[in-house]
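**Q** Structure for the following, please:
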Amino acid sequence: MSPPSPRHLGRPVSRVDGPLKVTGRAKYAGEFHTPDLTYGVVVSSTIARGRIKSLDTAAALALPGVLHVFTHENRPSTAWFDRNYKDDDAPAGSPFRPLDGADIVYSGQPIALVVAETFELARHAASLVRVEYKVQEHETDLRARQHKAHEPAAGKGGYQPPPKPRGHADKALGQAPVQVDAEYASPVEHHNPMEPHASTVIHEDDGTLTLYDKTQGVQNSQQYVSKIFKLDPATVRVRSPFVGGAFGSGLRPQYQLFLAVMAARELKRSVRVTLTRQQMFTFGHRPETLHRVALGAREDGTLESVVHEATAETSRFEDYCEVVVNWSGQLYQCDNVRLDYKVVPLDQYTPLDMRAPGAVLGIYALESAMDELAYKLGMCPLALRLKNYAEKDQNTGNAFSSKELKACYSQGAERFGWSRRTAAPRSMREGHQWVGWGMATGSWEVMQMPARARAVLSIDGSLTVSSATSDIGTGTYTVMTQIAADVLGLPVEAVTFKLGDSALPMSPLEGGSWTVSSVGSAVKQVCEKLRDQLFTWARKLPHSPLAGTELSEVSFAGGGIFVTENPERSVSLTEAMRHGDVLHLEEEVTSLPSPAQKKYTMASHSAVFVEVKVDEDLGVVKVTRVVSAIAGGRIINPKTARSQILGGVVWGIGMALHEETFLDQNLGRFMNHNLAEYHVPVNADVPDIEVLFVEEEDTIVNPLGAKGLGEIGIVGVAAAVANAIFHATGKRVRELPITIDKLL
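**A** Prediction:
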């Protein structure tokens, strides 16, 4: 046997699922085929509020090959109570029920499902469905209805209402010698993953269902379907081996899943329903928000007061809410803080978690206001943040489990060259372009959720580990493979990780940057159980080379167990299993958060530095350089981790300069519901992005010490871009996205 090989954690391993994706062998929800498959196409409402007076399906049904047109008039009976429609990510209220009645509650609402033998036929037939409405006046304007705002009802997982005021924020603000009091706004954004939402329902002869769903939680979809259609969960299997991006849009079951299952059960046929790109704009989105941020400071920059008030939209049937303003009470040291967050019901679909929900909005407003304060003080924006650096969570008084934000500031600033910045706006030029440098802080909460994992080691040295989690493009397959391989010292090639199947061990939704923390901890612990059993058997071998050793004195590597200080003393895993008289060794564990976590605030942090160039004549903004310094705990795979931050930064640039879903208030309808008019950054918009991971050790967050990276990469980016634009032009734009018309 060879001596121990390098560990797998911390290595830039390429995606283990990469070959399947680049060769087209990875199948997505709308690609699974079965004989006798039928196709459903959704008919969407064209009004925002009212009732269906009549719905004529005769022309559609007259076409040969059209099997059925489902409407509210012939929809089969389903569960009655709201609780049966609630999923793991549902907010308080009454979840939307497709085809539940004649009432129209938002534009784009599904009002019929046409099922036919071919997709083309179903789509043509759907165009023949004629609808008459009784139109009612709708209200979709957040600004016009701010007076209707209310505190959201409790109930949404992860939501923490703003803490009670501390000190006397308004009085301190009025007495502060330097003040900023400004309003900021962010628009509706839609997730727009490359893969549209789709559900393929395979109806078996015995009535059982196999569902291929675009989802971030197969067990969430399974429970949702089982409760609504009153099915034994054992007869419903949901699979989602690959997800072509989701960004939060797959956290809740979307209406195509309900419709596909309904049709399959009624017709006793397999059915596929795929939403069009336009219909991808007819469910959840990042909510529009309005902010007031007021900061008061002494002349030396010490914060005396922080006030952050935010208003966001929700639907009329659910109270969607996010943690938007709490960050303003946590990030900086201040004794006088008042935070307020309310929602306004509108005639729209319920908003939905989108990458870094809440934080990306609240921190944009806060970090823009901090930049404004720095200029009023004549102080470096970075120095202002260091002046008010919080060593503890100001909202709770808790210590941070770890916080290397100062290292993010120093390393990011050094790499960016921040010290060469000239302070005055419009003081840096390059030819006919103004050059601006801006920076901002980012933060995201770190969480560990309960999760289970199963591991099976075969006597040939192959290891299969499984959990029902998802891989939404983040690299879950790869990172879990690395964790398992590292514990048992196996080559990555010897490990198979299975996910995306409701029949596998329990897993939380893949979201919130908690997957590595939660599922990764379960994978680590189940492989440690295997390791402990193997070591016990290896020591009991006749004349064992490991006799008398402790687990801490050995290493697992290369398919064997070695005495770390004397690699010649070793036992192969195969020998150990033979002694145990097994061909397969199987274990399953449940990983739970440690009670010690409750004493701490757990968070990842970032410092984002941005350079922009602005054409002095045309107002065209180009982001030319970004340095993102991240404190994300232990980095399991630097390659996939960097990709996560790159994706977040690109989205942050999009948020700052491009993304906005336009609502025609007269129609109550989103108008740019396609990728031609919904602008996202393209290659020409994305500069060189440098990602720095600062060293951060955290023994509290989870057994791996990993904090998760899906969200932290985007938080702070939009504010840094906005701040750089002000430095370049001297003009402060407080409403995203910052487009040419707002600059000129």
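**Q** Check the offset of stretch 672-682 from the chain's centre.
**A** 20 Å (Cα atoms, centre = their mean, to the nearest Å).
**Q** same check, this time on stretch 360-372
**A** The answer for stretch 360-372 is 21 Å, by Cα atoms, centre = their mean.
**Q** got it, and stretch 685-701?
**A** On Cα atoms, centre = their mean, the centre of stretch 685-701 falls 17 Å from the chain's centre.
**Q** for it, which positions count as buried?
**A** 685, 687, 689, 690, 691, 692, 693, 694, 696, 698, 700, 701 (16 or more other Cβ atoms under 10 Å). For every residue, glycine as well, the C-beta is placed using N, CA and C.
**Q** residues contacting the last one?
**A** Same thing as residue 701. Residues near residue 701 by Cβ atoms under 8 Å, 6 or more residues apart in numbering: 401, 402, 446, 448, 517, 597, 602, 633, 707.
**Q** what's the nearest residue to the second one once chain neighbours are set aside in contact with, if anything?
**A** In this structure, residue 402 finds its nearest non-sequential neighbour in residue 698, 3.9 Å apart by Cβ to Cβ, 6 or more residues apart in numbering. Residue 698 sits next to 401, 402, 602, 633, 634, 705, 707 when contact means Cβ under 8 Å, 6+ apart.
**Q** Tell me where the stretch 401-550 of the chain has strands.
**A** 429-430, 433-445, 451-458, 463-466, 495-498 (DSSP state E, counting those that start in this stretch).
**Q** so what secondary structure elements neighbour the third one?
**A** The one in question is strand 451-458. Contacts defined by 3 or more Cβ pairs under 8 Å, 6 or more residues apart in numbering; DSSP states H and E place strand 451-458 against strand 463-466, helix 521-539, strand 584-591.
**Q** Check the offset of that strand from the chain's centre.
**A** Distance, centroid of strand 451-458 to centroid of chain: 26 Å (Cα atoms, centre = their mean).
**Q** that older thread, check what pLDDT the residue nearest to residue 402 gets.
**A** Among the per-residue scores, residue 698 holds a pLDDT of 97.
**Q** again with residue 205
**A** Confidence score, pLDDT, at residue 205: 89.
**Q** do residue 155 as well
**A** Residue-level confidence at residue 155 comes out at 87, pLDDT.
**Q** Check which residues of stretch 189-207 are buried.
**A** Those would be 189-193, 195-203, for stretch 189-207 by 16+ other Cβ under 10 Å.
**Q** Of the residues you listed, which is the nearest to residue 291?
**A** The shortest approach to residue 291 among those belongs to residue 189, at 15.7 Å (Cβ to Cβ).
**Q** if I read this right, that closest one contacts residue 662, doesn't it?
**A** No - Residue 189 sits out of contact with residue 662 when judged by Cβ atoms under 8 Å, with a separation of 11.3 Å.
**Q** roughly how far out does stretch 52-71 sit from the chain middle?
**A** Stretch 52-71 has its C-alpha centroid displaced from the chain centroid by 38 Å (Cα atoms, centre = their mean).
**Q** what about it, how long is it end to end?
**A** Terminal residues of stretch 52-71 lie 11 Å apart, using Cα to Cα, to the nearest Å.
**Q** Report the buried residues of that stretch.
**A** Residues of stretch 52-71 classed as buried: 52, 55, 57, 60, 66, 67, 68, 69, 70, 71 (neighbour count, 16+ other Cβ under 10 Å).
**Q** Quick check: end-to-end length of stretch 225-240?
**A** Counting by Cα to Cα, the terminal residues of stretch 225-240 are separated by 15 Å.
**Q** Can you give me the buried ones in it?
**A** Buried residues in stretch 225-240, counted by 16+ other Cβ under 10 Å: 225, 226, 227, 228, 229, 231, 236, 237, 238, 239, 240.
**Q** would you turn these into TSV with distance to residue 348 and secondary structure?
**A** TSV is the format used below for the buried residues of stretch 225-240 (distance: Cβ to Cβ, whole Å; DSSP: H, G, I helix; E, B strand; the rest coil):
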residue	distance to residue 348	secondary structure
225	25	helix
226	29	helix
227	26	helix
228	23	helix
229	27	coil
231	31	coil
236	31	strand
237	34	strand
238	28	strand
239	32	strand
240	27	coil
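**Q** Just the closest of those residues to residue 559, please.
**A** Distance to residue 559, by Cβ to Cβ, is smallest for residue 239 among the buried residues of stretch 225-240, at 31.7 Å.
**Q** My understanding was that that closest one contacts residue 218; is that so?
**A** Yes - assessed by Cβ under 8 Å, residue 239 is found in contact with residue 218 at 6.5 Å.
**Q** May I ask which two of the buried residues of stretch 52-71 are separated the most?
**A** For the buried residues of stretch 52-71, and using Cβ to Cβ, no pair is farther apart than 52 and 67, which are 22.0 Å apart.
**Q** Next up, phi/psi of the closest residue to residue 707 other than its chain neighbours, please.
**A** Spatial nearest neighbour of residue 707, chain neighbours left out: residue 633 (3.5 Å); criterion: Cβ to Cβ, 6+ apart. With angles defined as degrees, to the nearest 10, residue 633 shows backbone torsions of phi 70, psi -150.
**Q** what do you get for residue 614?
**A** phi -120, psi 120.
**Q** Please report how far it lies from residue 425.
**A** According to Cβ to Cβ, to the nearest Å, residue 614 and residue 425 sit 11 Å apart.
**Q** Pull up the overlap in contacts between the two.
**A** When contacts are counted by Cβ under 8 Å, 6+ apart, residue 614 and residue 425 are jointly contacted by 436, 728, 729.
**Q** which residues does the first one bridge with?
**A** Spelled out, that is residue 436. Bridge pairing for residue 436 (DSSP bridges) gives the partners residue 612.
**Q** can I assume it is in contact with residue 722?
**A** No - the criterion here is Cβ under 8 Å, and residue 436 misses it with residue 722 at 10.0 Å.
**Q** Tell me which of those two has more neighbours.
**A** Using other Cβ atoms under 10 Å, the more surrounded residue of residue 436 and residue 722 is residue 722, with 30 against 27.
**Q** Does that one touch residue 438 like I think?
**A** Yes - using Cβ under 8 Å, residue 722 is in contact with residue 438, at 7.0 Å.
**Q** Residue 575 versus the residue of the chain positioned farthest from its centre, what's the distance?
**A** In the chain, counting by Cα atoms, centre = their mean, residue 543 sits farthest out from the average C-alpha position, at 53.2 Å. To residue 575, residue 543 is 12 Å away according to Cβ to Cβ.
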